[in-house]
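Peer 1: Give me a 3D structure for the following:
(chains A, B, C and D)
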2 protein chains.
Amino acid sequence: MVKVQDKEEIILKAAMDVFVEKGLYGAKMQEIADKAGINKALLHYYYRSKNKLYEHIFRFIFTKITTDIIELMNTDLPFKEFLRYFISKYIDLLINNHKFPMFIMREISHGGKIASNVINDVIMNEMNCRYPVIDIIEDAMEKGEIIKMDPNQIIITVLGSCLFYFMGENIIRTVLLTEKSFDRNEFLEQRKDAIFKIIYYGISPR
Amino acid sequence: MVKVQDKEEIILKAAMDVFVEKGLYGAKMQEIADKAGINKALLHYYYRSKNKLYEHIFRFIFTKITTDIIELMNTDLPFKEFLRYFISKYIDLLINNHKFPMFIMREISHGGKIASNVINDVIMNEMNCRYPVIDIIEDAMEKGEIIKMDPNQIIITVLGSCLFYFMGENIIRTVLLTEKSFDRNEFLEQRKDAIFKIIYYGISPR
DNA sequence: GTCTATATTGTGATAGAC
DNA sequence: GTCTATCACAATATAGAC
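Peer 2: Below you'll find the model as predicted:
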């Protein structure tokens, strides 16, 4: 006999797969039920409605990604090592959750209630403090290790450089990385190094 | 009396707004009809089905963005000026079409037939040549103006750095750029300069 | 808890008058 | 070309037996 705990996890896993792949409107309860090996009625028994199930999934994924990133930033490495570490670990994170950024961004770009509720909750809980990254960056600027500029510009450049491959992988591999012998793992290892070098030396004094 | 040409444009504009905002499944024919000031029946009179209308819109937007970008790359400026020019103009392009990247990426990430058909068509027509950017970059490498690395790494870093703000604007402005006095235009002008400086000096010899 | 069967609603699409 | 009315079906949700 399967425990409730396990069954709920099976449902959640199935729902996650379908929602992440197709979004709220593209996903169908029937498909989720099929994938979980149950029927639609049981889906409604566990989670009263499609919207509630979706919100559950969105909250779970958004919280996971957010806490993972905050975890990565919670370090006392000096700036250069911190930057290298963050980029490397963040890309590892994305390799293991490569469809999450698109899923989250898609939902947020709609600007619906579900996303904004969850975001507000998570930000209240996890982010009610000044980000340590800003401090790390400003500290490095004062020491003269990197040039002075708006720290947000640096952060957005790092995140964008890491995320873009995963959000646009299909089109990037269609128009840019078209070689048959393309090795994704190898490329992403090189990507870690390239992002670090470009950005670190790009903000170093010259 | 309104000309057919005009009416079709009104419908297309309405459909574009709704599809871009909500995607294929989130968009409803009723909403498009309302926004265009007509009824559903007329929508089907002009464009036989929702899918055909959607494909029309997707093809239009994808073609526009692609040709605009190719246009930007069609220059004989020396590398440094080319990079500055491209980043500046590309961000201008995104300011005027800030929802298009998310729309295109969302569709492509689904990997449906509509997107892949259009992409194949456009690539066949517009991109059946080696990209001039690659040549510009490799030329600069050989001259020793920039360090040697995979040109794709540079391209993806530039594109990601430019695109990320627009794809994630909602969340970026919620968690990062939270000041009430935030000036979007000013920030984006600074962004052009920041991206150029970080990347250009990041790939310069040291 | 789990199922089958069914109700209910939403939505794409069409018929037919004007 | 444009409309109202309606169809047909897909999808969410519930009722009720077991």
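Peer 1: So residue A:87 sits against residue A:197, correct?
Peer 2: No. Counting by C-beta atoms under 8 Å, no contact exists between residue A:87 and residue A:197, whose distance comes to 10.0 Å. In short, each C-beta sits where N, CA and C put it, glycine included.
Peer 1: In terms of neighbours, single out the busier of the two.
Peer 2: Residue environment comparison for residue A:87 versus residue A:197 gives the larger neighbour count to residue A:87, 24 against 18, counting by other C-beta atoms under 10 Å in any protein chain shown.
Peer 1: Could you check how far residue A:184 is from DNA strand C?
Peer 2: 36 Å (C-beta to the nearest atom of the strand, to the nearest Å).
Peer 1: what number of residues lie near that residue?
Peer 2: What residue A:184 shows, counting by other C-beta under 10 Å, is a neighbour count of 12.
Peer 1: Residues of chain A that sit close to DNA strand D?
Peer 2: Contact residues (C-beta under 7 Å from any atom of the strand) of chain A with DNA strand D: A:27, A:28, A:29, A:30, A:40, A:41, A:44, A:48, A:49, A:50, A:51.
Peer 1: Now do the fourth one against residue B:160, distance only.
Peer 2: Right, the one you point to is residue A:30. Computed with C-beta to C-beta, to the nearest Å, the distance linking residue A:30 and residue B:160 is 37 Å.
Peer 1: the more surrounded of the two?
Peer 2: Set side by side, residue A:30 and residue B:160 show unequal neighbour counts under other C-beta under 10 Å, the larger going to residue B:160 at 26 against 12.
Peer 1: For that one, list the residues it contacts.
Peer 2: Shown in contact with residue B:160 (C-beta atoms under 8 Å, 6 or more residues apart in numbering or on different chains): A:160, A:161, A:162, A:163, A:164, A:165.
Peer 1: just residue A:174 next, same as before
Peer 2: Remark: with contacts taken as C-beta under 8 Å, 6+ apart, residue A:174 is in contact with B:119, B:123.
Peer 1: Looking at it now. What's its pLDDT?
Peer 2: For residue A:174, the pLDDT comes out at 90.
Peer 1: can you tell me the helix or strand for it?
Peer 2: Here residue A:174 sits within helix A:169-175, counting by DSSP states H and E.
Peer 1: mind listing what's buried in that helix?
Peer 2: The neighbour-count check on helix A:169-175 (16 or more other C-beta atoms under 10 Å in any protein chain shown) flags A:169, A:170, A:171, A:172, A:174 as buried.
Peer 1: ok, so what distance separates the last one from DNA strand C?
Peer 2: Spelled out, that is residue A:174. Where DNA strand C is concerned, residue A:174 sits at a distance of 27 Å (C-beta to the nearest atom of the strand).
Peer 1: what's the answer for the third one, then?
Peer 2: Using C-beta to the nearest atom of the strand, one gets 26 Å for the distance from residue A:171 to DNA strand C.
Peer 1: Distance-wise, check residue A:154 relative to residue A:106.
Peer 2: Distance, residue A:154 to residue A:106, using C-beta to C-beta: 26 Å.
Peer 1: Same check on residue A:23?
Peer 2: In this structure, residue A:23 and residue A:106 are separated by 6 Å, where distance is defined by C-beta to C-beta.
Peer 1: Quick check: neighbours shared by the two?
Peer 2: Overlap between the neighbourhoods of residue A:23 and residue A:106 consists of B:23, B:106, taking contacts as C-beta under 8 Å, 6+ apart.
Peer 1: buried set for the helix or strand of chain A with the lowest mean pLDDT?
Peer 2: Among the helical and strand segments of chain A, the one scoring lowest on mean pLDDT, DSSP states H and E is helix A:113-126, with a mean of 86. For helix A:113-126, the neighbour count (16+ other C-beta under 10 Å) marks A:114, A:115, A:118, A:119, A:122 as buried.
Peer 1: Perfect, that will be all.
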